[in-house]
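Student: Structure for this input, please:
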Amino acid sequence: MTFKLAACAEMIYQDLPFEERVKTISDQGFLVEIWDWSTKDIDALVATGAEFSSMTGYLRGDLITEQGRAELLATASESLAVAEKLNCPRLNLHGTGLGPQGLPVTPIEVVTPEMWLYAAETLRQIAELGERAGKVFVLENLNLAVDHPGTPFAKATDTLALVKAVNHPNLRLNLDLYHAQIGEGNLIELLREAQPFIGEIQVADVPGRMEPGTGEINYQGVAKALAAMGYDGVIGMEAWASGDSSDALQALKSAFTV
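Tutor: Numbering: from 1, shown residues only. Prediction:
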């Protein structure tokens, strides 16, 4: 079994102009993921002929404040229009807006019960936007220890709880195993629990956030477990290349061919 494989054009082939990165990834048979669409030439991306797997689904906003909700919904609507042009099925969300270097715009150390309730209602409205547009929003888990300190609803258990609470087919998980390994571990059991709610899985190895095979995660074991579960969705490599980017893509393919 070979899973549907994608690669993040933000992180590999960095010596190439962005559109060439996208085309190079696509020409090797992989789906393409992008981050902030507002910095891209969308028509040029369409012209590459690439098939896109996911993109960032908002520009500003958060889940837990009135102003943040309004900004999130407004920029999610803008993102849906771009996703339609790119024929991109999934739009990625985080627990809050992220600034430079992935740090939260407004760090939060304590998430209150009221914040949980407000976040669930915000995500319900996001899911309804997705339903009207025929797209799926995916909520990504992050890690607090290394990359995203101060981000609310960061752990996979947090994102899973919110997606379960909303219980809408247009809101799913983007389950990032790199972040989960740093924050929680026990990846295969996590996948089994989350499977009914997964929209996509992202991978990178730990430490270093590079391609599978460069760190401690047994991705071949993960792949076998996913195959046994009947998972047939996308595996997206959101990782830096430890050396040659084409070799990194082949490492992804080798890890997830079972």
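
Student: list the buried ones in stretch 236-253?
Tutor: For stretch 236-253, the neighbour count (16 or more other CB atoms under 10 Å) marks 236-242, 245, 248-249, 251-253 as buried. All C-beta atoms are positioned from the backbone trio N, CA, C, and that covers glycine.

Student: and it, how far out from the chain's middle?
Tutor: Computed by CA atoms, centre = their mean, to the nearest Å, the chain-centroid distance of stretch 236-253 equals 17 Å.

Student: which residues are contacting that stretch?
Tutor: When contacts are defined by CB atoms under 8 Å, 6 or more residues apart in numbering, stretch 236-253 is touched by residues 2, 5-8, 11-14, 24-25, 28, 30-31, 33, 53-54, 176, 178, 200-205, 208-214, 235.

Student: three-state assignment of the nearest residue to residue 95 once chain neighbours are set aside?
Tutor: Spatially, and ignoring its direct neighbours in sequence, residue 95 is nearest to residue 153 (3.5 Å; CB to CB, 6 or more residues apart in numbering). Under DSSP: H, G, I helix; E, B strand; the rest coil, the three-state class of residue 153 is coil.

Student: Who are the contact partners of residue 153?
Tutor: Applying CB under 8 Å, 6+ apart, we find residue 153 in contact with 63, 95, 96, 111, 119, 139, 159, 162.

Student: Might you report the residue contacts of the residue lying closest to the third one once chain neighbours are set aside?
Tutor: It refers to residue 96. Spatial nearest neighbour of residue 96, excluding adjacent residues (CB to CB, 6+ apart): residue 62 at 4.4 Å. Taking CB under 8 Å, 6+ apart, we find residue 62 in contact with 68, 69, 71, 72, 95, 96, 97, 105, 106.

Student: So which of those residues sit within helices?
Tutor: Among these, the residues falling in helices (DSSP state H) are 68, 69, 71, 72.

Student: contacting residues for the last one?
Tutor: Residue 72 makes contact with 58, 60, 61, 62, 63, 93, 97, 122, 126 under the criterion CB under 8 Å, 6+ apart.

Student: Pick out the residue closest to the middle of this structure.
Tutor: Against the mean C-alpha coordinate of the chain, by CA atoms, centre = their mean, the closest residue is residue 174 at 4.7 Å.

Student: and whichever strand or helix holds residue 117, how far out from the chain's middle?
Tutor: Secondary structure assigned from DSSP states H and E places residue 117 in helix 113-133. For helix 113-133, the separation from the chain centroid amounts to 18 Å (computed by CA atoms, centre = their mean).

Student: helices or strands up against that helix?
Tutor: With contacts taken as 3 or more CB pairs under 8 Å, 6 or more residues apart in numbering; DSSP states H and E, helix 113-133 sits against helix 66-86, strand 90-93, strand 136-140, helix 156-166, strand 171-176.

Student: Enumerate the positions of that helix that are buried.
Tutor: Buried residues in helix 113-133, defined by neighbour count with 16+ other CB under 10 Å: 115, 116, 118, 119, 120, 122, 123, 126, 127, 129, 130, 133.

Student: What is the nearest of those to residue 147?
Tutor: residue 119 (20.6 Å; CB to CB).

Student: So what's the model's average confidence on the helix holding residue 117?
Tutor: Average pLDDT, helix 113-133: 98.

Student: And stretch 77-96, by the same measure?
Tutor: Mean predicted lDDT for stretch 77-96 stands at 97.

Student: what about it, distance to the chain center?
Tutor: Counting by CA atoms, centre = their mean, stretch 77-96 comes out at 11 Å from the chain centroid.

Student: gap between the two ends of it?
Tutor: Distance between the boundary residues of stretch 77-96 (CA to CA, to the nearest Å) amounts to 17 Å.

Student: For it, which residues meet the burial criterion?
Tutor: For stretch 77-96, by 16+ other CB under 10 Å, it's 79-80, 82-83, 86, 88-96.

Student: Any chance of these in TSV with distance to residue 182 as columns?
Tutor: Shown next, in TSV, are the buried residues of stretch 77-96 (distance: CB to CB, whole Å):
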residue	distance to residue 182
79	27
80	31
82	31
83	29
86	30
88	27
89	28
90	23
91	24
92	19
93	20
94	16
95	16
96	18
